[in-house]
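Engineer: Structure for the following, please:
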Amino acid sequence: MSKLEPTNLENSKSKDSGSKDSGSKDSGSKNSGDKKSGNNLAKLDATKVEVISSSLEYPEGPIHCHDGSIILVEIKGQRLSKIAPCGTATTIAQLPGGPNGAAVGPDGCVYICNDGGFEWMPIPGVNKDKIIWVGGNQPQGTDYKGGSLQKVDTSSGEVTTLFTECTERGYPDPSGAAYPAWNPAFDLKGPDDLVFDQAGGIWFSDFGKTRERDRDITALYYVSADQKTITQMAYPLNSPNGIALSPDGTRLYFTLTYERKIMYFELSGAGKIKRNPASLDGAYLLTAQLEGQAILDSMAVDVEGNLYLATMLPQGNTPVVNGGISIISPDGAVEYQEIAIPDGSIAPLPSNICFGGEDMKTAFVTCGGAGYLLKMPSVIAGLKLNHNGSDFKPPVTVS
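Structural biologist: Numbering: from 1, shown residues only. As a prediction, this is how the structure comes out:
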């Protein structure tokens, strides 16, 4: 989820995947000025959008289940929910704070990035009968729960907090030497999105929190498959958000929301970054050629390695224009598709996307502030996530 600036929004109410030869090793960036997709078949059929649910409390982190339902988090609602194909919602677990991202692990549990919570601002008048909710600053006092990585046993609803801080650093200092461990430990501030690799390790982003006069500079993290260690793998970063792996597992993609960039690291193994020698942080720039003034949230990947990024506010901080999905090819070409709700309601804040169905050609999109879960056809099949993460069979006990 992307935190937006409440003042500006309120004032505007009236208005081969991952192939290593596809990037510039000399400059660490892409020649990505072409805003037409490098693969013209990579499209969602936005003329066939269906509404599954319209009453969710800032949905994010969709997971497709074997029975056609979607498990997702509701950030404002502070819960993990299961949405049936008919739209009926049931609660799997209460998650105080701000459950922001969700993914299925190899043990069949659902893992959660919990951002600790937001101050919430209502934006009335955009849609006739609905209020759009926008996450703002870090809550005051004990309303902020702190950032954490959690897991939920869907058979019982039991919630386990795995990590709230990190000491180990997995990146070199400017001289190439290893940094010492953080002392005191580096707190998790606002974990946002996560992805499991084939080995069972977890990559996740920490978006950080904003306060009245400052905001956090944060990091990407890796949790070992045995869940005994957490390592800070990239720091400092400004607003890292969506995160995903290429189909062959050799690229780790991530978005920098406020910088309007899609970046990636090359990977040489589980939890191992092969750093770009031409950039200060070891990353590569995929593209910064986005639609209008749009900012980026979470993402999914198709079998050909194209990225599908939830894209908010293409005309800047005005909530009266639909957001959409930016489709980015592995060489950085961009195509933008607006998402329009069939009844004419506005969905300015798409928050995430996943793929599912027997042929993996159905895209499910969460529209955060407007509370929608949508589905639509995709021309190219989505990538099946590791550990049955796209055809989940949860032993769900709901309340």
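
Engineer: Let me see the backbone angles for the residue nearest to Asp302 when sequence neighbours are not counted.
Structural biologist: Nearest non-adjacent residue to Asp302, counting by CB to CB, 6 or more residues apart in numbering: Ile380, 4.5 Å away. Using the backbone N, CA and C atoms, a C-beta is placed for each residue, glycine as well. Main-chain dihedrals, Ile380, degrees, to the nearest 10: phi -100, psi 140.

Engineer: And the one 4 residues further on, by the same measure?
Structural biologist: With angles defined as degrees, to the nearest 10, Lys384 shows backbone torsions of phi -70, psi 130.

Engineer: list the contacts for the closest residue to it other than its chain neighbours?
Structural biologist: Once flanking residues are discounted, Lys384 sits nearest to Ser390: 4.7 Å by CB to CB, 6+ apart. Ser390 is in contact with 63-64, 354-356, 360, 382-384, counting by CB atoms under 8 Å, 6 or more residues apart in numbering.

Engineer: Okay, and which of those map to strands?
Structural biologist: 63-64, 354-356 (DSSP state E).

Engineer: Assess the claim that Leu385 and Ala103 are in contact.
Structural biologist: Yes. Taking CB atoms under 8 Å as the definition, Leu385 is a contact partner of Ala103 at 7.3 Å.

Engineer: any residues in contact with both of these two?
Structural biologist: 195-196.

Engineer: Between the two, tell me which one has more neighbours.
Structural biologist: Ala103 (26 against 22; other CB atoms under 10 Å).

Engineer: Tell me how many other residues surround Ser298.
Structural biologist: Close neighbours of Ser298, defined as other CB under 10 Å, add up to 30.

Engineer: Now do the helix or strand hosting it, average pLDDT.
Structural biologist: Secondary structure from DSSP states H and E places Ser298 in strand 295-301. For strand 295-301, the mean per-residue pLDDT is 96.

Engineer: Direction included, what does it pair up with?
Structural biologist: Taking DSSP bridges as the criterion, strand 295-301 forms sheet pairs with strand 307-312 (antiparallel).

Engineer: So which residues of the stretch 1-150 of the chain form helices?
Structural biologist: 6-11 (DSSP state H, counting those that start in this stretch).

Engineer: hmm, back to that, the residue nearest to Asp302 contacts Tyr308, doesn't it?
Structural biologist: No. Checked against CB under 8 Å, the pair Ile380 and Tyr308 is beyond contact range at 9.6 Å.

Engineer: Comparing the two, which residue is more hemmed in?
Structural biologist: Neighbour count, other CB under 10 Å: between Ile380 and Tyr308, Tyr308 has more, with 28 against 20.

Engineer: residues touching that one, list them.
Structural biologist: Taking CB under 8 Å, 6+ apart, we find Tyr308 in contact with 44, 299-302, 325-327, 353, 363.

Engineer: Apply 10 Å and report the result again.
Structural biologist: 42, 44, 242, 244, 298-302, 325-328, 337, 352-355, 363, 365, 378, 380, 382 (CB atoms under 10 Å, 6 or more residues apart in numbering).
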